[in-house]
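Asks: Got a predicted structure plus its sequence, pasted below:
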Amino acid sequence: MKIQLYADFTCPFSYMGKRRLDEVMEASEEPIEFEWRAFQLTPEASKEKAMPTVELLAKKFHKTYEETLATTKRLRDQAANEFGLTYNYETMLAPNTLNAHRLTYWAATQGKSHEVAEGYFAAIFTHGKDLNREEDVLEVIANAGLDVEEAKAILRSDAYEADVQADRSQAIQNGIRSVPSYVINDEALITGVQPVSTFVQAINEQRAK
């Protein structure tokens with residue numbers, strides 16, 4: 001059974017959706033093959049020093065910093081209560097996620113995409129890292145036990161860039177407009193942070209075919 005997760009590292013629901021998939025994989029009676037699929041929400045985002053997330057949202061929605069920070073409470077509570085996650089919006093940054101996606105694809109060739117994806121989510125939402133900085137991107141790679149020098153060489157090339165762009169284009173062609181979205185066995189589509197039971201039903205339906 002294969003589940004592809006379309007997500008972006010700056011999306012709070014994507015992080016919760018990745019954790020929900022962890023629960024599904026643990027609950028499944030059969031092994032599930034995890035495949036990361038990139039869906040950059042803002043591929044045009046600056047690749048220079050990342051802007052604080054709350055400042056970016058305040059500017060986008062024409063609100064004050066304080067008003068915007070207050071609106072994050074529901075997400076903080078949901079992330080903490082349902083998934084045990086800590087969302088630190090006071091220190092959170094909004095980078096361009098291209099390089100993180102590229103190295104997650106490379107990590108898949110090493111059997112480590114699941115660990116690296118978790119690391120990049122935590123880097124943004126919990127630890128306030130700037131994934132526009134090479135050292136912050138590579139720190140996740142080091143923590144996953146992967147070859148940092150090889151990863152650095154990938155960052156300084158255009159490796160996997162076309163894959164990231166192609167995944168987003170393919171997703172849009174297939175009707176995916178939001179993240180997280182899941183594709184089970186290249187057929188069944190689930191969107192949003194759904195209950196484990198929704199996944200179990202879809203998996204059983206695929207198994208019965």
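Replies: On my side now, so go ahead.
Asks: which element follows the lengthiest helix in the chain toward the C-terminus?
Replies: The helix spanning the most residues in the chain, taking DSSP state H as the definition, is helix 12-27. Toward the C-terminus, helix 12-27 is succeeded by strand 33-38 as the next helix or strand (DSSP states H and E).
Asks: tell me the mean pLDDT over that next one?
Replies: The average pLDDT within strand 33-38 is 95.
Asks: That strand pairs with which strands, and in what direction?
Replies: The strands beside strand 33-38 in its sheet (DSSP bridges) come out as strand 2-7 (parallel).
Asks: So which residues make contact with the strand it pairs with?
Replies: Contact partners of strand 2-7, identified using C-beta atoms under 8 Å, 6 or more residues apart in numbering, comprise 14, 17-18, 21, 24-25, 32-39, 117, 167, 171, 176, 179-186, 199. C-betas here are computed from N, CA, C, even on glycine.
Asks: buried sites along it?
Replies: By 16 or more other C-beta atoms under 10 Å, the buried positions in strand 2-7 come out as I3, Q4, L5, Y6, A7.
Asks: Equivalent analysis for stretch 53-65, please.
Replies: Buried residues in stretch 53-65, counted by 16+ other C-beta under 10 Å: T53, V54, L56, L57, A58.
Asks: List every C-alpha atom in that stretch, with coordinates, as PDB.
Replies: These are the backbone C-alpha positions of stretch 53-65, laid out as PDB (Å, rounded to 0.1, in the frame of the first residue of the first chain):
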ATOM      1  CA  THR A  53       5.600  34.500   9.600                       C
ATOM      2  CA  VAL A  54       3.400  36.700  11.700                       C
ATOM      3  CA  GLU A  55       4.700  39.900  10.100                       C
ATOM      4  CA  LEU A  56       4.100  38.300   6.700                       C
ATOM      5  CA  LEU A  57       0.500  37.400   7.600                       C
ATOM      6  CA  ALA A  58      -0.200  40.800   9.100                       C
ATOM      7  CA  LYS A  59       0.900  42.500   5.900                       C
ATOM      8  CA  LYS A  60      -1.100  40.100   3.800                       C
ATOM      9  CA  PHE A  61      -4.300  40.500   5.800                       C
ATOM     10  CA  HIS A  62      -3.800  44.200   6.800                       C
ATOM     11  CA  LYS A  63      -3.800  43.500  10.500                       C
ATOM     12  CA  THR A  64      -1.500  44.500  13.300                       C
ATOM     13  CA  TYR A  65       1.200  42.100  14.600                       C
END
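Asks: Which parts of the chain are helices?
Replies: According to DSSP H, the helices that the chain contains are 12-27, 53-61, 65-71, 73-83, 98-109, 113-125, 134-143, 148-155, 161-173, 196-207.
Asks: To S46, which of those lies closest?
Replies: helix 53-61 (10.1 Å; C-beta to C-beta).
Asks: Could you check how far D77 is from N143?
Replies: D77 sits 28 Å away from N143, going by C-beta to C-beta, to the nearest Å.
Asks: which one of those two has more residues nearby?
Replies: Taking neighbours as other C-beta atoms under 10 Å, D77 and N143 compare with N143 leading, 14 against 11.
Asks: Kind regards, and thank you for your time.
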